[in-house]
Structure formats: C-alpha cells, structure tokens
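In: pasted the sequence and its predicted model underneath.
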Number of protein chains: 2
Amino acid sequence: MGWERTARELLHRGPFLALYRDSVLRPDGIAGTYEHVVVEDGVRVVALDDDGQVVLVEDDFYLQERRVLHLPGGGVGGQDPHAAAVRELEEETGLVAGETRPLGVIDPLSATTVARTHLFLATDLRPGHTQRDATEIGMTVQRWKLDDAIDAVRSGRISEAGTVAALLLAEHARA
Amino acid sequence: MGWERTARELLHRGPFLALYRDSVLRPDGIAGTYEHVVVEDGVRVVALDDDGQVVLVEDDFYLQERRVLHLPGGGVGGQDPHAAAVRELEEETGLVAGETRPLGVIDPLSATTVARTHLFLATDLRPGHTQRDATEIGMTVQRWKLDDAIDAVRSGRISEAGTVAALLLAEHARA
C-alpha cells in the first residue's frame, strides 16, 4: 500500500455519521491529511415474486428534494447485512422472503467513506408486516417487470447506486 | 415533498468535503436535524478500444487499504462532467477519446450526499499524455475483455460503484 496513516482525529460525531481527519503519508511520501466520513453499511434487496416481477418502493429523499424510486433497503442498523436485508424488505414492503442470497457488494463512494452497500436477491415471497419509520410515511410499493426496471435504469429514471447495481446483477443472475 | 428545511449550519469545511447540519421538518411533521456531506461530483469512463477491450486502472485506495481495480475517472474538478471524463481518461491512461457519450448517472450515497457520479462510454481512442497526480503514483493501466470485466463485477473483484454501474450499462449499450 502506498498510503500510510500516522494519526486520526475525530472532527464531529453526529447521530448518523462521524467525520475524521487522518494524518497520512501519501504515495509520493509527502505528509498530508485525508478527511473521511463513517456511516453505516447499507443493503438493497431485489425481491422477485413468482411472476418474475420486482418490488420497488418510492419515497421522498431529503437531499435529492424529490421522490426516489428504489429497491427496498436501508442501513444495516447494527445487524449483519443478510439479516438487515430481510428486515428492511419486510418493514418497507410487508413481504417476508423464504429465500435470500447475496448478489454482490459495492463501494458506493470509496474516496469518502469505507461504507459498503450489500446487495441481495430475495424470492419465495410471503405476506408479513409493514413497519415504516417516521421518514418513510409517504412510501409506496410498486411491482415492476424486471425488464421494465432495467429500462428505467438505462433511461436514468432509477439512479440510486445500490438499486442500479442490484437490478443489473439480478438480470445477470436470471440469465 | 414530505421534508422541509428550516435552517442550514456549516459544521466543517475541509479541502475536499464540507459537513452541514440542516434543521428539518420530517415527513411526519416532527422537527429534527439532518447531517450531510458535500463533495464534488465524480466521473467514470468505459473506454473501449477497437478490439472491444475496456481500459481499467488499478491503484492504492487509502480508505479501503488495498489496491482497487476501477475505471478511469475521478472528481469533476470544477468542469462539466463530460470534459472531466475526457480529462481524467487522458491523465490516468494517456488515451484521448475521439468520441464520448453519456451512459448514465448514479446517486452513489443518496442519504449522505447529493453528489452524483456521471458515467461515459469513450471510443475512437488515440495516444495522448498521461499526467497522474501525487496520489496516483502506483497506478497501472490494464486492458480487459469487456466480458471478463463483467465477470469480475459479478465475482466481486470489481466493486467501486461507478465502475460496476458503468460496465454493466456499457454491456447493455453494446447489445
């Protein structure tokens, strides 16, 4: 590794993120600083029903200032990613997955944070219990043909990174 | 929109990121805070040579503490995304693209930042001039069959979000 960390300073700790400033030796040997954010890992779930339709949710994203269409998911909340995926799917859509398997992992913003987004494929869906949090009050659940969801990725209608990667990987897994 | 911003406070401004704490009214009408990070938008470029091979680069990622295989790209550096993509491709690989077109845009970490990653497909590659920055000293350039790069995405060998999305979208664009 061309980088070396010589110190780490906590600049801010909030309820959902922490900001650090590391002192580093860069690959060229020069001393510098590297600021980065610690947030929890996330999960996204491609839940496919028996007709091959994928379950999407839509709700208001604060920073994007618009409704965003995306796969069920969220922060891991201290759980292992698989358990978090099963939990988020049921909380947001009211669906319990009989079978869940990993689709992959992405590094969403690797220069800014080590947080990863874990992607899953869920099948054998059965009714469970929705339990949305206070920020998800306006959430709606939709079922889309997987091919239509892929088209929405290609057209830019779907752009949330974990959703984009998981849908395209699910299409490969199906093929 | 279910969210409303009532105030914004700058908590920290560093050389590459700024941290803000917004006062908000959440979708359930309760007052709260929302901390978020401002970083510049990024770009990633799928550069395909005349044999259909894709150009990948590998270098040391500080936060991941390992060498990372990814598409050429980086921050927009104040440029429009298209110009930044052309610049980053030449700086990192020494290749000038005769033709560049958009592949899509992703929101890499939408709960933490509004920064986006812009994805491009570059073809008609000609020799130009490499100009790597101090953190890219150990960078190597590789040419991969696109299908092999897709396999590396599916196996998890490639996980940088913009790279994952752009390679999978380039495969669609080729089909």
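Out: Arrived safely, thanks for sending.
In: can you give me the strands for chain A?
Out: Ranges of strands in chain A, per DSSP state E, are A:4-13, A:18-25, A:31-38, A:42-47, A:53-61, A:66-70, A:73-75, A:95-106, A:117-127, A:140-145.
In: so what sits opposite the closest residue to A:G42 other than its chain neighbours in the bridge?
Out: Nearest residue to A:G42, sequence neighbours excluded (CB to CB, 6 or more residues apart in numbering or on different chains): A:T117, at 4.4 Å. All C-beta atoms are positioned from the backbone trio N, CA, C, and that covers glycine. Applying DSSP bridges to A:T117 gives these bridge partners: A:G42, A:I106.
In: show the contacting residues for A:T117.
Out: A:D41, A:G42, A:V43, A:R44, A:G73, A:V105, A:I106, A:P108, A:A161, A:G162, A:A165, B:A161 (CB atoms under 8 Å, 6 or more residues apart in numbering or on different chains).
In: A:L25 too?
Out: A:L25 neighbours (CB under 8 Å, 6+ apart): A:W3, A:E4, A:T6, A:A31, A:G32.
In: buried members of these into ChimeraX, please.
Out: Per 16 or more other CB atoms under 10 Å in any protein chain shown, the buried members of the contacts of A:L25 correspond to this ChimeraX selection:
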select /A:3
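In: of the contacts of A:L25, closest to B:K145?
Out: Nearest to B:K145, judged by CB to CB, of these is A:W3 at 30.6 Å.
In: so, low pLDDT: which residues of chain A?
Out: Of all residues in chain A, none has pLDDT under 70.
In: got the domain boundaries for it?
Out: Using automatic domain parsing, the domain parsing of chain A gives A:4-38, A:42-174.
In: out of the contacts of A:L25, the closest to chain B would be?
Out: Closest approach between the contacts of A:L25 and chain B, by CB to the nearest CB: A:W3, at 4.4 Å.
In: please tell me I have it right and that closest one contacts B:D60.
Out: Yes. The pair A:W3 and B:D60 passes the contact test of CB atoms under 8 Å, sitting 5.7 Å apart.
In: find residues that contact each of those two.
Out: In contact with both A:W3 and B:D60: A:P27, using CB under 8 Å, 6+ apart.
In: quick one on the thing from earlier: tell me the most buried of the domains of chain A?
Out: domain A:42-174 (a mean of 19; mean count of other CB atoms under 10 Å in any protein chain shown).
In: now do the end-to-end distance for that one.
Out: 23 Å (CA to CA, to the nearest Å).
In: chain center to it: distance?
Out: Remark: domain A:42-174 is offset 7 Å from the chain centroid, using CA atoms, centre = their mean, to the nearest Å.
In: any idea how far A:L167 lies from chain B?
Out: For A:L167, the distance to chain B equals 9 Å [CB to the nearest CB, to the nearest Å].
In: before we move on, the earlier item: wait, which of the strands of chain A is closest to B:T135?
Out: The nearest among the strands of chain A, by CB to CB, is strand A:31-38 at 8.9 Å.
In: and the contacts of the closest one?
Out: In contact with strand A:31-38 (CB under 8 Å, 6+ apart) are residues A:3, A:6, A:11, A:17-26, A:112-115, B:14-17, B:19, B:37, B:62-63, B:112.
In: try it again at 7 Å.
Out: A:17-26, A:112-113, B:14, B:16-17, B:37, B:62-63, B:112 (CB atoms under 7 Å, 6 or more residues apart in numbering or on different chains).
In: what angle do that strand and strand B:4-13 make?
Out: 150 degrees (axes from the mean of the first three to the mean of the last three CA atoms, to 10 degrees).
In: how far does strand A:31-38 sit from its chain's centre?
Out: 24 Å.
In: so what are the sheet partners of that strand and their directions?
Out: Assessed with DSSP bridges, strand A:31-38 is paired to strand A:18-25 (antiparallel).
In: sorry, back to before: minimum distance to B:A85: which of the strands of chain A has it?
Out: It's strand A:95-106; of the strands of chain A, that one is closest to B:A85 (CB to CB) at 20.1 Å.
In: the closest one packs against which elements?
Out: The helices and strands touching strand A:95-106, judged by 3 or more CB pairs under 7 Å, 6 or more residues apart in numbering or on different chains; DSSP states H and E, are strand A:42-47, helix A:81-93, strand A:117-127, helix A:161-174.
In: which strands or helices does the last one pack on?
Out: Looking back up the chat, that one is helix A:161-174. strand A:42-47, strand A:95-106, strand A:117-127, helix A:146-155, helix B:161-174.
In: output the second one as CSV, nothing but the C-alphas.
Out: Extracted C-alpha coordinates of strand A:95-106, given in CSV (Å, rounded to 0.1, in the frame of the first residue of the first chain):
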residue,chain,number,x,y,z
LEU,A,95,-43.0,-9.1,2.4
VAL,A,96,-41.1,-12.0,4.0
ALA,A,97,-38.6,-13.7,1.8
GLY,A,98,-38.4,-17.5,2.0
GLU,A,99,-35.1,-17.4,0.3
THR,A,100,-32.4,-14.7,0.2
ARG,A,101,-29.0,-14.9,-1.4
PRO,A,102,-26.2,-12.4,-2.0
LEU,A,103,-25.9,-10.6,-5.3
GLY,A,104,-22.7,-8.7,-4.6
VAL,A,105,-21.3,-5.8,-2.7
ILE,A,106,-20.4,-2.3,-3.9
